[in-house]
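Enquirer: pasting the sequence and the predicted model now:
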Amino acid sequence: LLGVRVSEAPLTPSSSKGNGARMAEFDLLPKITPYLDKHLLFPLLEHVQKLQIYPEDEVVKAQLSMLSRAKLVDFEIEKHKLLHKSDEVPPAMKEKRQQVLLQLKELKADCKQLLTVLEDPALAKIPLKAPSPQEREKSGSNVHYRDMLVSLVEKHSIKPEHIEALYRYAKLHFECGNYGQVDEGGQIGAAEMLPVYRMLTSEPNSDTAIAALWGKLAAAILLEKWDDAVEDLYKLREIIDTKQFSSHLVQLQQRTWLIHWSLFVYFKPQVATHPNFRGDVIDLFFSPAYLNTIQTNCPHILRYLTTAVITNPRRRNVPNDNDRRINVLNDLVRIIQQERPAYSDPITEFVECLLVNFDFDSAQEKLRQCEVLLSTDYFLQALKEEFIQNARLFIFETYCRIHQCIDIKMLAEKLNMGQEEAELWIVNLIRNARLDAKIDSEKHHVIMGSTKPSAYQQVKAKGKSLCFRSYVLGGNFQKQATGFGMEMGPGGGDRRDGDRRDDRGGGGGGRY
């Protein structure tokens, strides 16, 4: 991506001390860092700095280390002053700033003709926006803008070298921190120039065009333009899944980067404005290719996959590539058990304690640890209350499966709640979820109704299953019969082409 992807972690948990030690134990920054762009790492570093998970001096050093390889010169100067507690700016930084300004001036001159086209009033009237799901299916997004752009490019005699110069100019703007327009009518940046380059390039699946798409996604994330970011994710996934890479290892790396970058898109936006994002992450992470990538390259992503499943109780079942229904929760438990030697944390251990060991006391302890983890994780911080509520629901559902009469006081302890609070919570749960249960107020018990199907329901289900299996069996037999050159007779028998029974000669003649 634009030549600024990093490959090493800026911090290690061992550098923490004091109250930050426990938070550093759950911090995934060292594991996530190799798969993110430098510019995407700065919000994460500011997050750990704010929570004091690591010593502030080490965080600032890590920021300066990354800034020295980027071109955010003003930000680098600011951090240098903070670290050394001095207003003096080193000459090397001043010289670097002048060089960056000179590069911007030179690259702007190289693509001046194309920039003039982008400022054309006729083009400015057409909004360049992320398509709706319907437009995405029809591939009809921004067609008017593209047609007008191509027309203006031909009119102004724009050459291929001008288009390539626009890419380099957009790349430099990105490295300088000019990601794009913050307000309508403001200065254009990388987010506005990179899609234009992709529209005009003659090879949309070339390495440079794909790098431009990665840069556009990064800019959309940093500008918090989530609709644009979702569209870029869809495009990148399609390219990664269909492009012929030089090796399978390269494709695995691309998928690993996509998984990590998707965390910004699926977990950072407000749930109220984008309610389906965590449903999308379940679909993405449970697809065979990406699930294999998680298990092979980044098992720590199980933290986010588990959180998405727990906070989406209505999405226990999702369709897979063969249009069959798979139980997401059962598959999640299986994967957590398989990857336990490679990775585990309180969130994955909570699921294991609850749904594998049925150890409610350990699950309760893990839930307490989850509160600490969720408070410190950059992506999951806003989901803390939602996760705790759904985790309590999981405990309640699991407990009810193996008990018919439940003491409310005991259940309140399992849920980390007071007795009155637990009773009110159960009443609302029964009312809203329509559970077959009732509360004995005198004895403070929850009495569960029978959930076993009646004999009639069992016979009906078996009959449906038998009918379907018979239909499939008949279809398979018909396919085999056709393959062997057989025809079904009117009585259900078969007639072979070379052994067909018919009458020979005149009336009363013998049969063959």
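Expert: Structure's in. What do you need?

Enquirer: wait, Phe396 sits on Leu411?
Expert: Yes - using C-beta atoms under 8 Å, Phe396 makes contact with Leu411 at a distance of 7.2 Å. All C-beta spots, glycine's among them, are computed from the backbone N, C-alpha and C.

Enquirer: mutual contacts of these two, please.
Expert: Residues touching both Phe396 and Leu411 (C-beta atoms under 8 Å, 6 or more residues apart in numbering): Ile426.

Enquirer: among the two, which residue is more densely surrounded?
Expert: More neighbours surround Leu411 than the other of Phe396 and Leu411, with 25 against 21 (other C-beta atoms under 10 Å).

Enquirer: what bits of the stretch 351-500 of the chain have low per-residue confidence?
Expert: Low-confidence segments of the stretch 351-500 of the chain, defined by pLDDT under 70: 404, 430-437, 448-454, 483-500.

Enquirer: in it, which spans are helices?
Expert: Remark: helices assigned in the stretch 351-500 of the chain by DSSP state H, counting those that start in this stretch are 360-376, 384-402, 408-414, 419-433, 455-483.

Enquirer: for Pro299, find the nearest of these.
Expert: Pro299 sits nearest to helix 360-376 of all those, at 16.2 Å, using C-beta to C-beta.

Enquirer: alpha carbons only: can I get the closest one in PDB?
Expert: Taking C-alpha atoms only, helix 360-376 is exported to PDB below (Å, rounded to 0.1, in the frame of the first residue of the first chain):
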ATOM      1  CA  PHE A 360     -20.700 -21.400  35.200                       C
ATOM      2  CA  ASP A 361     -18.400 -20.200  38.000                       C
ATOM      3  CA  SER A 362     -15.400 -20.000  35.600                       C
ATOM      4  CA  ALA A 363     -17.600 -18.300  33.000                       C
ATOM      5  CA  GLN A 364     -18.600 -15.700  35.600                       C
ATOM      6  CA  GLU A 365     -14.900 -15.000  36.300                       C
ATOM      7  CA  LYS A 366     -14.100 -14.800  32.600                       C
ATOM      8  CA  LEU A 367     -16.900 -12.300  32.200                       C
ATOM      9  CA  ARG A 368     -15.400 -10.000  34.800                       C
ATOM     10  CA  GLN A 369     -12.100 -10.200  32.900                       C
ATOM     11  CA  CYS A 370     -14.000  -9.400  29.700                       C
ATOM     12  CA  GLU A 371     -15.100  -6.100  31.200                       C
ATOM     13  CA  VAL A 372     -11.400  -5.100  31.600                       C
ATOM     14  CA  LEU A 373     -10.500  -6.300  28.100                       C
ATOM     15  CA  LEU A 374     -13.400  -4.500  26.500                       C
ATOM     16  CA  SER A 375     -12.600  -1.300  28.300                       C
ATOM     17  CA  THR A 376      -9.100  -1.300  26.800                       C
END
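
Enquirer: which residues are contacting stretch 390-403?
Expert: Outside stretch 390-403, the residues touching it (C-beta under 8 Å, 6+ apart) are 310-311, 313, 350, 354-355, 358, 360, 363-364, 367, 370, 406, 411, 414-417, 425-426, 429, 435, 437, 446, 448.

Enquirer: buried ones among these?
Expert: 310-311, 350, 354-355, 360, 363-364, 367, 370, 406, 411, 414-417, 425-426, 429, 435, 437, 446, 448 (16 or more other C-beta atoms under 10 Å).

Enquirer: gap between Pro91 and Ile77?
Expert: 12 Å (C-beta to C-beta, to the nearest Å).

Enquirer: between the two, which one's more packed in?
Expert: Neighbours were counted for Pro91 and for Ile77 using other C-beta under 10 Å; Ile77 has more, 18 against 8.

Enquirer: neighbours around Leu466, how many?
Expert: The local packing of Leu466 (other C-beta under 10 Å) involves 10 other residues.

Enquirer: with Ile408 instead?
Expert: Number of residues near Ile408 (other C-beta under 10 Å) recorded here: 20.

Enquirer: and it, how far from Phe358?
Expert: Distance, Ile408 to Phe358, by C-beta to C-beta: 20 Å.

Enquirer: Glu95 now?
Expert: Separation of Glu95 from Phe358 (C-beta to C-beta): 66 Å.

Enquirer: show me which positions of whichever strand or helix holds Gln99 end up buried.
Expert: Element membership of Gln99, judged by DSSP states H and E, is helix 91-110. Of all the residues in helix 91-110, those buried under the rule 16+ other C-beta under 10 Å are 93, 96-97, 100, 103-104, 107, 110.
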